[in-house]
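Enquirer: Please work out how this folds:
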Amino acid sequence: MALTAGIVGLPNVGKSTLFNAITKSQVEAANYPFATIAPNVGVVEVPDKRIDRLREIFNPKKTIYTTFEFTDIAGLVKGASKGEGLGNQFLSNIRLTDAICHVVRCFEDANITHVENSVDPVRDAEIINLELILADLSTVENRIGKVARKAQSSKDKEIRQEYDLLMKLKPHLESEKPARSLELNDDEKLLMNQYNLLTAKPVIYVANLDEEGISDPESSRHYQALAAKAKEEGAEIVPVCAKIEEDLASLDKEEKDAFLDDLGLPHSGLDALITTAYHILGLSTFLTAGEDECRAWTFHNGMKAPECAGVIHTDFQRGFIRAEVYRFEDMDELESEQAIKEAGKMCLEGKDYVVQDGDVMHFRFNV
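Expert: Prediction:
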């Protein structure tokens, strides 16, 4: 299940530095606008201590974590929706992502150029948000132009439904509100998905703090202002220090843990960002375990056993018979599947079983 998040923001807010940390790669992160000319894509493993524990128990030949894909998109500026800066070239890249990670600078540093010549997180966030809204408004208006005459003269119910939805979206966007804040029924939401609107995507504000600010984000007036905006919008906010994250990326696990301890941080900002992305996208993880392989698999909350079987292979779903399921916590405690069976904690589940985060599953199928 390929999942993607686009990293956006004004120039020089720390997007490329954060991306370097995410992918352990070295994309250019220069101190001038538009240093990132092409969308850089990197895949990062999703940290999961449950897989680490299963590896200890099963000693498998392979261990595979689930992954998340991040796209670093060049800095947007005022007028991007009309082609200013590098404009629509990059707005089109955001359309291909599942979520938006909106990086906002929340620290003062006279040595780092700011495209607006001052640090104001709320203003900066609103600049980007408005450009995304204007781009969506253009999409909606173009679509109205194509369906309006047909909707008014045709008896085609689907065309009429689409036109009615577009006429709800247009004034909403014109009032500078994102598409995700418009109240729609399930059918309308499904219909809106076909437009791939930028402002329909869930957003995480990534508050980029300096090394001093990250130890106590709540003490930063810039962070507090952005957090209040995120709360007002119903969006998530994650504090990070992109420079520290880049330093952490070059360390092994033990060194990383020691560094975080020295800083007084419970976990890295990147780990928090990935966890938050999973949350806003309604995602969870089921596990498979054995001597050959221990592996994490991503699924959408609410999926049933046959659908999760299909995440592994379509044949598993097509020929699904049943699933043998136990909880990770039981393996962590009892340390063998035989002990889990003897304790009566191994369950046989059928087609209607709704898979839970942390389920360890063996699928039985026949094709």
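Enquirer: Show the contacting residues for the residue nearest to the spatial centre of the chain.
Expert: What sits nearest the mean C-alpha location of the chain, by Cα atoms, centre = their mean, is Ala277, with 3.6 Å. Going by Cβ atoms under 8 Å, 6 or more residues apart in numbering, Ala277 touches Leu3, Ala5, Phe68, Ala99, Cys101, Ile204. In short, each C-beta sits where N, CA and C put it, glycine included.
Enquirer: and the first one, how many neighbours does it have?
Expert: Same thing as Leu3. 18 (other Cβ atoms under 10 Å).
Enquirer: Ile340 versus Met361, what's the distance?
Expert: According to Cβ to Cβ, to the nearest Å, Met361 stands 13 Å off from Ile340.
Enquirer: buried residues in stretch 267-274?
Expert: Within stretch 267-274, the residues scored as buried using 16 or more other Cβ atoms under 10 Å are Ser268, Gly269, Leu270, Asp271, Ala272, Leu273, Ile274.
Enquirer: no, scratch that, I was asking about stretch 324-342
Expert: Val325, Tyr326, Arg327, Phe328, Asp330, Met331, Leu334, Glu337, Ile340.
Enquirer: Then stretch 153-162?
Expert: In stretch 153-162, counting by 16+ other Cβ under 10 Å, buried: Ile159, Glu162.
Enquirer: mean confidence score for that stretch?
Expert: Mean per-residue pLDDT for stretch 153-162: 86.
Enquirer: now the end-to-end length of that stretch.
Expert: In terms of Cα to Cα, to the nearest Å, the two terminal residues of stretch 153-162 are separated by 14 Å.
Enquirer: Work out the gap between that stretch and the centre of the chain.
Expert: 35 Å (Cα atoms, centre = their mean, to the nearest Å).
Enquirer: Also stretch 47-57?
Expert: Here the centre of stretch 47-57 is set off from its chain's centre by 23 Å, with Cα atoms, centre = their mean.
Enquirer: Quick check, His114 in contact with Asn12.
Expert: Yes. Counting by Cβ atoms under 8 Å, Asn12 is a contact partner of His114 at 6.4 Å.
Enquirer: what touches both of the two?
Expert: Shared contacts of His114 and Asn12, counting by Cβ under 8 Å, 6+ apart, come down to Arg105.
Enquirer: Show me which positions of the helix or strand containing Val43 end up buried.
Expert: Val43 is located in strand 40-45, with elements delineated by DSSP states H and E. For strand 40-45, burial by neighbour count (16+ other Cβ under 10 Å) applies to Asn40, Val41, Gly42, Val44.
Enquirer: Now do the strands in the protein.
Expert: 4-8, 40-45, 62-64, 67-72, 99-105, 203-208, 236-240, 283-288, 293-300, 320-327, 347-349, 359-365 (DSSP state E).
Enquirer: Comparing those, which yields the minimum mean pLDDT?
Expert: Looking at those, the bottom one is strand 40-45 with a mean of 79.
Enquirer: Spell out the residue ranges of the helices in the stretch 251-367 of the chain.
Expert: Secondary structure of the stretch 251-367 of the chain, counting by DSSP state H, counting those that start in this stretch: helices at 253-263, 269-280, 305-312, 314-318, 328-334, 337-342.
Enquirer: Check which helices and strands the last one is in contact with.
Expert: Pointing back at helix 337-342 there. Packing contacts for helix 337-342, counted by 3 or more Cβ pairs under 8 Å, 6 or more residues apart in numbering; DSSP states H and E, involve helix 328-334.
Enquirer: So what's the gap between the helix it packs on and the chain middle?
Expert: On Cα atoms, centre = their mean, the centre of helix 328-334 falls 29 Å from the chain's centre.
Enquirer: avg pLDDT for that helix?
Expert: Taken as a whole, helix 328-334 carries a mean pLDDT of 97.
Enquirer: any residues touching that helix, and which ones?
Expert: 50, 53-54, 57, 287, 289, 337, 340, 343, 345, 358-360.
Enquirer: Highest neighbour count among the contacts of Ala277?
Expert: Counting by other Cβ under 10 Å, top hit in these: Cys101 with 28 neighbours.
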